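Dropping a prediction and its sequence here:
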Amino acid sequence: MLSGLDYGNVFYYSRGWIGKELSQGRLPLWDPATLCGFPLMAALQTAVFYPPTWLTILLPPAEFWTASVWMHISLAGIFTLAWLKRGLGVGTMPALAGAVAYMLSGPLVLRVYAGHLNHLCAYAWLPAILWMLECYLHKPSWGTGLRLGLAASMLFLTGVPQYFLIGLLALLARLGQHLFGRDSALRARLASGLGSCAWTLFGLLLCAPQILPAMELSGHAQRLSVNDYEFATSYSLPPENLLGFLVPTLHGDVVNAPYWGRWFLWEANGYIGIPALGLALAGLLGRRSDRLIWVLVAFLGILLALGRDSPVFWLFYHTFPGASLFRGPGRYLVLFVLGMAPLAAYGIEELLRQGEGIRRPFLVTAVAMAVLCLVSTVAYFVVNREREGRWVLEGFIHRSMDRNRATHQGLEGRGNDDSRIHPKIRSTMIKGLLQTVLWSGMSSILLFVRFRRGMAAVPVSWGLILITGIDLVSFGGRYFRPRPKEGMEWPPAMAEWFRKQPGYPFRLGTLGMSYISDCGRCQIGGLRHVGGYEPMLLQRYADLVNTFAGAPLENVVVCSLPAGPSPILRAMGMRFMLFPPGEPVPPNLRTGGWIGGRPIVEFPDALPLAHMASRAVVEEDRGRRLRMMMDPSVDLSRTVILEVAPNPPIPSPPLSRSQVRVREMSPGRYDIHVENDGGGYLVLAEAWYPGWRAEVDGKETEILRANHLFQAIPLGPGSHEVRFRYRSLFLVPGFLVSGTAALGVAFLWGFRRFRSPRAGLSGS
């Protein structure tokens, strides 16, 4: 399989689990395997309704990832080619230049290395929306409008709504140019502009089965409660990384040399190739009337990507609807790439143009490429010298790094004040400068040669397209690396060993954040883990994680793994914890086995997932409730902490014997048999969430919020059959909304055909 950091740690397992659920004819509504239970389908990044995700039914997760990468890179190129050729009306050769610059750009290929499947899918559909928009504006009809709506829905369903916002910005920029154009009457321009907005809204309505559950989840997630300006501007493009547009390995390349800049390289790289930059400059200086709108889109992408270093982003954050919901301004670099693709195509178009007035754009571009070649050559010789190069590098690194947010992976030693430079950084920087010299020099020579008498434009154009591809492949090829599939999943015998242990079902834990993939191994192996990864983490779960970690409750939690034993982990039902190799096991704990050299430590006092508590304590205050959860004197095996008193109240009986047995369990379902001498509360250590229903002996009963995160129901003495079921409250309404939107469009189309069968299919 292709290597991908987050895919190998997280998405490999979620896609594998989704595929299993879909193959059994079930929507993956609830994930019981991670995070003490989570409404999986409501989380956008699972992309359950995105059609290519359904390939997980046929393909194992490793093959699914590799196929998805190649499919979406190909779609990105095909859609960009179609947008430029059929939408903007450039020739095949110019369109090919823009498509190569987009599909092999740094922001796209680096998402492959990062393993960001959803981002990669969204990159493919952004040019598709612009293509469909051009088709509709040129010929408004029901067919072109429907295709625009479907492209918009596909972009949203990829699972990263921030890219839908980015696509909306590009769409609005193009619509603004259309409304102020002169290609048709104002009334027609207004009608087609409003029609395109209506069809985009229709595409969004088709996504209602995903949008409505996600909106419900957002009301219970930690993300919105901490989404202030400081949080939203994390992963901004550092200004010093603008130099990476010319030398992409200036700050390291992650693979051959550690990245030493701020944030992550895949959030701060906008490289589209040196020849493509030259072609874009030529396109800017050319004759195309719409070139300025794409310059605006590209420039806007950079200004928004700068985030906290740009007043434009501050204004955008506080005024544009939805802008404050997302972090990662560096992702707006895709606007830069989208703007540069047509400009590069226009550059080739100018190169192929015959007649007077064509020399100036390419003379300026050739001179600019020559200057870049000269400056890069000087920088290459300076950095390549031992004493001067070390002095320059030390000054450059220590002046450009923000010490509060830099990774410091590029510095040797443990202290941030150690100025010794990692030797691979210098080597990679020198190679990057040499490549910049090579590609800028070749571009300059080709452009100068173009104007020699008798030199044909076509060979020069093919030469520029070729070196653009070679440049981008030489940069991006390093990020397509193989990864063995062995070890991605636990052997079936390992999962079976856990199931045969006394007290099953229970949860596992893992010590050490580097073993986040253990959560996924549990997920795909049918076991349960207390940790997990999810950007839209439930607020109550995040409260428990921050409490047992000793962190402020406002601390943002995305990845969760235990830092050590805790009473809260006992309440979560963590029976075993996997320790890193060589980690000493506390003397009061027993090692129950080994896996891959890692000890499996047993916690025999962990509470079962379902147990009876004879006493209830009502505590409405969140802080005091969490402190009680950590208090060793509070015996959570006999006491349940409620937020509100049950109605009617249940008296606390004396200690009584009870037997609780989980007869059957599956995602979103528990069948439990209880034998109880006295009254009490059945506590289920599964996250409380709207949509859970409980029945006792066939009669529905109220579910109480218990132990801050979990569920409890009151039970009287005797034998009882208890059923817990989860059903998404907004899934059916979502299907009704999308179905109504589809039927409404079909009805209007049929009505229009019936009223005026010869009038055509106007979409306005």
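Cool, got the structure.

all contacts plus neighbour counts: C-alpha atoms, from now on.
Noted.

now the strands for the stretch 1-150 of the chain?
Counting by DSSP state E, counting those that start in this stretch, the stretch 1-150 of the chain yields no residue ranges for strands.

Can you list the residue ranges for helices in it?
With DSSP state H, counting those that start in this stretch as the criterion, the stretch 1-150 of the chain has helices at 5-6, 12-23, 61-82, 92-103, 106-114, 117-138, 142-157.

What helices and strands are in contact with the third one?
So the one you mean is helix 61-82. If you count contacts as 3 or more C-alpha pairs under 8 Å, 6 or more residues apart in numbering; DSSP states H and E, helix 61-82 packs onto helix 12-23, helix 92-103, helix 117-138.

got the domain boundaries for the chain?
The chain is divided into the following domains under automatic domain parsing: 1-42+489-606, 43-221+730-764, 235-389+423-488, 610-726.

Among those, which comes closest to Asp228?
Asp228 lies closest to domain 235-389+423-488 among the domains of the chain, at 7.7 Å (C-alpha to C-alpha).

where does the stretch 501-650 of the chain have low pLDDT?
648-650 (pLDDT under 70).

can you map out the strands along it?
Using DSSP E, counting those that start in this stretch, strands in the stretch 501-650 of the chain cover 507-510, 532-533, 559-560, 574-578, 590-595, 598-602, 610-613, 615-618, 639-642.

which neighbours does the fourth one have in its sheet, and in what orientation?
Which is strand 574-578. Strand 574-578 has the following strand partners under DSSP bridges: strand 507-510 (parallel), strand 598-602 (antiparallel).

May I see those arranged in CSV, with mean neighbour count as well?
Formatted as CSV, these follow (neighbours: other C-alpha atoms under 10 Å):
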stretch, mean neighbour count
strand 507-510, 28
strand 598-602, 20
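
Let me have those in CSV, adding distance to Leu538 as columns.
As requested, the strands paired with strand 574-578 are exported to CSV (distance: least, C-alpha to C-alpha, whole Å):
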stretch, distance to Leu538
strand 507-510, 18
strand 598-602, 27
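
and Val90, which of the ones you listed is closest to it?
It's strand 507-510; of the strands paired with strand 574-578, that one is closest to Val90 (C-alpha to C-alpha) at 55.7 Å.

got a list of contacts for that closest one?
516, 518, 527-531, 561-562, 572-579 (C-alpha atoms under 8 Å, 6 or more residues apart in numbering).

which regions of the chain lie under the pLDDT threshold?
Checking the chain against pLDDT under 70 turns up 354-359, 386-422, 451-455, 648-656, 756-764.

Need the single longest helix in it, by residues.
In the chain, with assignment by DSSP state H, the single longest helix is helix 423-450.

Quick one: the helices in the stretch 601-750 of the chain, in order.
Here the stretch 601-750 of the chain has its helices, by DSSP H, counting those that start in this stretch, at 622-630, 731-755.

and among the ones you listed, the most buried is which?
helix 622-630 (a mean of 17; mean count of other C-alpha atoms under 10 Å).

Can you name every helix or strand that it contacts?
helix 539-549, helix 567-571.

switch to 7 Å and redo it
Under the contact criterion of 3 or more C-alpha pairs under 7 Å, 6 or more residues apart in numbering; DSSP states H and E, helix 622-630 touches helix 567-571.

May I see the buried residues of the helix it packs on?
567-571 (16 or more other C-alpha atoms under 10 Å).

which SS state does Pro484 fall under?
For Pro484, the assignment made with DSSP: H, G, I helix; E, B strand; the rest coil gives coil.
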